[in-house]
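Q: Sequence plus predicted model, see below.
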Amino acid sequence: MNRAPKHGRRDAPSCGRRDARPTFLAVLVILSLFMAAVAAVFLTLHLRERDAGLLTSVHVAELKRQLDAAPKDETLKEQIRLEDLRQIRDYMANRQRFLWGAYLMILALAAWVAVARWYFRARERGGDAGLEATGEGPDAAELRQRFSDMSAELARLKMRMLERSRRPAEETRRQTLWAVGVVGVSMGCLLLGLGFFGVGESPLEKPALTASTTPPSPLRVGAPAGTPSATPTNAPEPISPTFHPSPGVPSPAETGQPAYTENWPFFRGPNAGIAAAGDWPTTWSATENRNILWKTPIPVTGKSSPILWGNRLFVTGGDAKNQHVVCLDTETGGILWDSPVEFAQGPAKEIEVFEDTGFAAPTPAADGRRVYALFATGILAAFDFDGKQAWAVDLGTPQSTYGYSSSLLMFQNILIVQYDQGKEAQERLSRLLGINPADGTFAYQVARPVPNSWSSPILARLPEGAEVVTCAPEWVIAHDPLTGGERWRVKNERGDIAASPAFGGGLVFTSNDGAELLAIRPGGSGDVTASHVVWNSKKGLPDVSSPVCDGTYLLQSAPGGMLTCFDAATGNLHWEEYIDTSAMSSFIIAGDLAYLCCEDGSTRIIRVAAAYQPAGRGEVGEPIYATPVFMKGRIYVRGEKNLFCIGGK
C-alpha cells in the first residue's frame with residue numbers, strides 16, 4: 001500500500017478557464033505609466049518652483065520699479081497686490097498637488113504590487129509545476145506517485161493546449177475586446193487622476209506623523225523611559241521655595257510676584273500685543289548705527305521671540321540634538337549665560353520639522369524665579385536666573401505636521417502649555433497642560449477635541465475672571481487657567497491654524513488663512529457659536545502673524561504684505577494697505593503706534609487710526625521672524641543672527 005504524498009500540489013487550470021495573464025500585464029503597464037506620469041509632474045512642479053519664488057517674478061519686479069517711480073499710484077499697488085496673491089495661491093495649489101500626487105502614487109504602487117502578484121500566480125498555474133523541493137529523501141512508492149501525478153499534469157496541459165487551438169474566433173475576439181476595455185478603463189482612471197491632481201487651491205494640509213492613540217506620560221530628567229513624572233526614580237531634589245535673586249533682578253516680593261504686567265514674561269507680552277504708552281523710537285538703522293544701543297550675535301538659531309524679566313533677556317535656540325537657553329543683560333547686551341538642556345533619554349528622536357518652524361519656535365516664559373523653555377522635541381526645561389537647570393520633563397514627541405511651535409503662558413503659579421497634535425481630532429492626542437513651575441509635575445491635563453495647531457494661548461482678563469483662550473482647527477476654546485476646565489467653545493473652520501488670538505474691547509478675535517476672522521463675545525458655556533459670534537470676515541487673513549486689538553481697532557498682516565484695519569466693535573473695514581514685504585512677526589501696539597517687524601529686516605510703523613498713516617521705519621539689515629519686546633522706551637528685536645536694543649541715545 002502506497003503512502004500518501006507528504007507534499008500537496010496545485011491542480012492545473014481547467015481547459016475552459018480564460019487566461020488572465022494578458023489583462024494583468026496590461027494593467028501593470030498602465031499603472032507603471034501612471035506612476036511615471038505622476039513622477040514627471042512632481043519633477044516639473046519642482047523645477048518651476050525652483051526658478052520662480054514668491055515676490056520674485058520678473059513681472060512683479062517690473063511693477064515695483066514702476067511703483068518706486070510713482071509711489072502714490074494706487075493702480076500699481078493693486079496690481080502688485082493681486083499678482084502677489086496669485087503667486088501665493090499658485091504656491092499653495094502646488095502644495096496641494098504634491099499632497100494628492102503622493103496619495104495617488106501610494107495607491108498606484110499598492111495596486112501595482114497586488115496585480116503583479118496575481119500575474120505571477122496566473123503564470124504559475126499555466127506552467128509546469130515540476131517536482132517540489134524537500135529536505136527528505138522520497139522513497140520508491142512516493143517517487144512513483146509523483147511520477148504518476150506529473151503524467152496526469154502533462155496530459156491535462158496537452159488537452160488544454162489542444163482546446164485553445166480549437167477555440168472559435170468569436171471567443172478570441174471577445175477576450176480581445178475585454179482586454180481592450182480594461183486598458184481603456186485604466187487609461188480613463190489615469191486621465192481622471194491626473195486631472196484631479198492638477199486641480200486644487202486649498203491650503204496645504206500635510207499628513208501628520210504616525211501617532212499612538214495614547215498620550216505619552218511626561219518623563220522627568222534622569223528618569224528611565226516610561227517612568228511617569230509623578231513617580232520619578234532618579235529625579236533631583238525638590239527646589240527650595242526660598243528665592244535667591246541674582247544681582248539686579250527684582251525678587252517676587254519686591255515686585256508683588258507674579259509681577260507679569262511690569263515685565264515681558266511671554267510671547268507678545270502680558271497683554272497679548274499691547275505695550276504701555278511711552279516715548280518709543282520711530283526710526284533706526286543698524287548700518288548707520290542710528291538709535292542702536294547695542295547689537296549682540298546670538299550663538300544659537302531659532303524662531304522664538306525674546307522675553308524680558310527685570311534686567312534679563314532670554315532667547316532660545318537649537319536643533320534636533322542640542323537645545324539652549326541664552327540670557328543677556330538688557331543694559332549692555334552681554335551674554336550672562338548660555339545653558340544647554342540636559343535630559344537623559346533613550347535613542348535620539350526622529351522628528352521632522354518645517355524649515356520655517358525649526359526646533360526652537362516656541363517662545364519661553366518667565367516668572368521671576370525661573371525661565372521655562374519648550375522645544376519641538378517635546379522637552380520642557382526650567383532654569384534659574386543664574387543659568388542652572390532646575391528640572392526637565394519629556395512631554396512626548398509632538399505629532400505636528402510642521403513642527404511644534406506653540407509658546408508658553410504663565411498665570412499665577414501655573415505654566416500653561418497648549419499641546420495640540422495629531423492629524424485628526426479623533427486621535428485624541430491634544431491636551432491643555434498645567435505645569436507646576438517648581439518641579440515640572442502636572443497640575444492638570446485636559447483633553448482637547450482638536451488636531452495639531454501652531455497657535456499660542458492668550459489670557460483674556462474679564463471682570464468675572466481670567467480665561468485661557470486657544471485657537472485650533474475646528475474649535476476656539478476657552479479654559480479655566482487654574483484647572484484647565486473648558487468654559488466655552490466656538491466652531492472654527494478647518495485650516496492650518498498658526499496665528500494666536502487677540503483680545504480687546506471685551507471681544508476675543510481669532511483669524512487665520514484657511515479659516516476666517518471671528519469676533520467672539522466671551523462667556524457662556526458649551527458651544528456658543530450661534531449666540532456669541534459678533535461678526536466675521538474673510539478679508540486680510542494672516543498665515544503666521546497674529547492680530548492685535550487696542551479695544552477700538554483690530555490690525556492684522558496677511559501673507560504677501562497686505563495690512564488690514566477693522567473696527568473692533570462692528571467689523572467695518574477701515575483700510576487695507578499693501579507693503580512690499582511679508583511678516584511672520586506679529587503686530588505690537590504701543591500707545592497710538594503699531595509696529596510690525598518684517599522678513600526684509602525692516603520694521604513698519606503706522607498710526608493706529610481709521611486711515612492708513614505711516615509713522616516711521618526701522619532697519620536692522622537682516623531678516624526678522626520674531627516678535628519684539630517693548631520695555632521702558634526700548635525695543636528689543638531678534639534678527640536672524642543678532643539681538644538688537646533700539647532706543648533714543
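A: Looks like it came in fine.

Q: hey, let's count contacts and neighbours off CA atoms from now on
A: OK.

Q: Report the backbone C-alpha coordinates of stretch 32-50 in CSV.
A: The C-alpha trace of stretch 32-50 is given here as CSV (Å, rounded to 0.1, in the frame of the first residue of the first chain):
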residue,chain,number,x,y,z
SER,A,32,3.7,51.9,-14.5
LEU,A,33,2.8,54.7,-17.0
PHE,A,34,0.6,56.4,-14.4
MET,A,35,3.4,56.4,-11.8
ALA,A,36,5.9,57.7,-14.3
ALA,A,37,3.4,60.5,-15.3
VAL,A,38,3.0,61.5,-11.6
ALA,A,39,6.7,61.5,-11.1
ALA,A,40,7.1,63.7,-14.2
VAL,A,41,4.6,66.1,-12.8
PHE,A,42,6.4,66.2,-9.5
LEU,A,43,9.7,67.0,-11.3
THR,A,44,8.0,69.7,-13.4
LEU,A,45,6.5,71.4,-10.4
HIS,A,46,9.8,71.2,-8.5
LEU,A,47,11.7,72.8,-11.4
ARG,A,48,9.1,75.6,-11.8
GLU,A,49,9.2,76.4,-8.1
ARG,A,50,13.0,76.4,-8.1
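
Q: That one - what's its average pLDDT?
A: Across stretch 32-50, pLDDT averages out at 78.

Q: Please apply the same query to stretch 393-407.
A: So the average pLDDT for stretch 393-407 ends up being 89.

Q: Same check on stretch 367-381?
A: 95.

Q: which residues of the stretch 301-450 of the chain fall in strands?
A: Shown for the stretch 301-450 of the chain, the strands assigned by DSSP state E, counting those that start in this stretch span residues 307-309, 312-318, 323-329, 335-340, 365-366, 370-374, 379-384, 389-394, 409-411, 414-419, 431-435, 442-447.

Q: Am I right that Ala609 is in contact with Thr552?
A: No - in this structure Ala609 lies outside contact range of Thr552 using C-alpha atoms under 8 Å: 9.0 Å.

Q: want to throw the strands of the stretch 301-450 of the chain into TSV with distance to Gln556 and mean neighbour count?
A: Compiled in TSV, the strands of the stretch 301-450 of the chain are given as follows (distance: least, C-alpha to C-alpha, whole Å; neighbours: other C-alpha atoms under 10 Å):
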stretch	distance to Gln556	mean neighbour count
strand 307-309	22	27
strand 312-318	25	25
strand 323-329	30	23
strand 335-340	34	18
strand 365-366	24	28
strand 370-374	27	27
strand 379-384	31	24
strand 389-394	35	24
strand 409-411	22	23
strand 414-419	23	25
strand 431-435	26	22
strand 442-447	30	16
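
Q: can you put those in CSV and add distance to Asn289?
A: Below are the strands of the stretch 301-450 of the chain laid out as CSV (distance: least, C-alpha to C-alpha, whole Å):
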stretch, distance to Asn289
strand 307-309, 24
strand 312-318, 21
strand 323-329, 20
strand 335-340, 21
strand 365-366, 31
strand 370-374, 31
strand 379-384, 34
strand 389-394, 36
strand 409-411, 35
strand 414-419, 39
strand 431-435, 43
strand 442-447, 47
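
Q: and Tyr625, which of the ones you listed is closest to it?
A: strand 312-318 (13.1 Å; C-alpha to C-alpha).

Q: list the helices and strands the closest one packs on?
A: strand 307-309, strand 323-329 (3 or more C-alpha pairs under 8 Å, 6 or more residues apart in numbering; DSSP states H and E).

Q: repeat that with 10 Å
A: strand 307-309, strand 323-329, strand 335-340, strand 365-366, strand 370-374 (3 or more C-alpha pairs under 10 Å, 6 or more residues apart in numbering; DSSP states H and E).

Q: Columns distance to Lys423 on top of the ones you listed, output as TSV?
A: Formatted as TSV, the helices and strands packed on strand 312-318 follow (distance: least, C-alpha to C-alpha, whole Å):
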stretch	distance to Lys423
strand 307-309	31
strand 323-329	26
strand 335-340	31
strand 365-366	27
strand 370-374	21
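
Q: quick one: common contacting residues for Ala609 and Thr552?
A: Shared contacts of Ala609 and Thr552, defined by C-alpha atoms under 10 Å, 6 or more residues apart in numbering, comprise Phe566, Asp567.

Q: got the contact list for Arg448?
A: Arg448 neighbours (C-alpha under 10 Å, 6+ apart): 418-421, 425, 428-432, 472, 475, 477, 486.

Q: And these, which of them are buried?
A: Among those, those that count as buried by neighbour count (16 or more other C-alpha atoms under 10 Å) are 418-421, 425, 428-432, 472, 475, 477, 486.

Q: Pick out the most distant pair among those.
A: Gln421 and Glu486 (18.2 Å).

Q: Which among the helices and strands packed on strand 312-318 is found nearest to Gly387?
A: Per C-alpha to C-alpha, nearest to Gly387 of these: strand 335-340, 6.0 Å.

Q: Not counting its own residues, what contacts the closest one?
A: 296-300, 312-318, 322-329, 381, 383, 385-389.

Q: Arg312: what's it in contact with?
A: 248-249, 326-331, 333, 335-336, 368, 385.

Q: List just the nearest of those residues to Phe587.
A: Nearest member of these to Phe587, counting by C-alpha to C-alpha, is Thr330, at 22.1 Å.

Q: contacting residues around the closest one?
A: Trp294, Leu308, Trp309, Gly310, Asn311, Arg312, Leu313, Phe314, Arg634, Tyr636, Cys645.

Q: Look up how far Phe411 lies from it.
A: Distance, Thr330 to Phe411, by C-alpha to C-alpha, to the nearest Å: 24 Å.

Q: who's in contact with the strand or helix carrying Trp535?
A: Taking DSSP states H and E as the definition, Trp535 sits inside strand 533-537. Strand 533-537 is touched from outside by 490-491, 507-511, 515-522, 566, 568-573, with contacts defined as C-alpha under 10 Å, 6+ apart.

Q: If we use 7 Å, what do you get?
A: For strand 533-537, contacts defined as C-alpha atoms under 7 Å, 6 or more residues apart in numbering pick out Glu516, Leu517, Leu518, Ala519, Ile520, Arg521, Thr570, Gly571.

Q: wait, is the third one part of a strand?
A: Yes - applying DSSP: H, G, I helix; E, B strand; the rest coil, one finds Leu518 inside a strand.

Q: wait, it sits on Asn512?
A: No - look at Leu518 against Asn512 with C-alpha atoms under 7 Å: they stay out of range, at 9.5 Å.

Q: Now do the contacts for the nearest residue to Ala286 once chain neighbours are set aside.
A: Computed as C-alpha to C-alpha, 6 or more residues apart in numbering, the closest residue to Ala286 that is not its neighbour in sequence is Val620, at 4.7 Å. Going by C-alpha under 7 Å, 6+ apart, Val620 touches Ser285, Ala286, Gly601, Ser602.

Q: Buried among the residues you listed? Make that a PyMOL selection.
A: Selecting only the buried entries of these in PyMOL, with 16+ other C-alpha under 10 Å as the criterion:
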select buried, resi 285+286+601+602
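
Q: Could you save the contacts of Val620 as CSV and add columns showing pLDDT and distance to Thr627?
A: Shown next, in CSV, are the contacts of Val620 (pLDDT from 0 to 100; distance: C-alpha to C-alpha, whole Å):
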residue, pLDDT, distance to Thr627
Ser285, 96, 18
Ala286, 95, 18
Gly601, 96, 12
Ser602, 97, 13
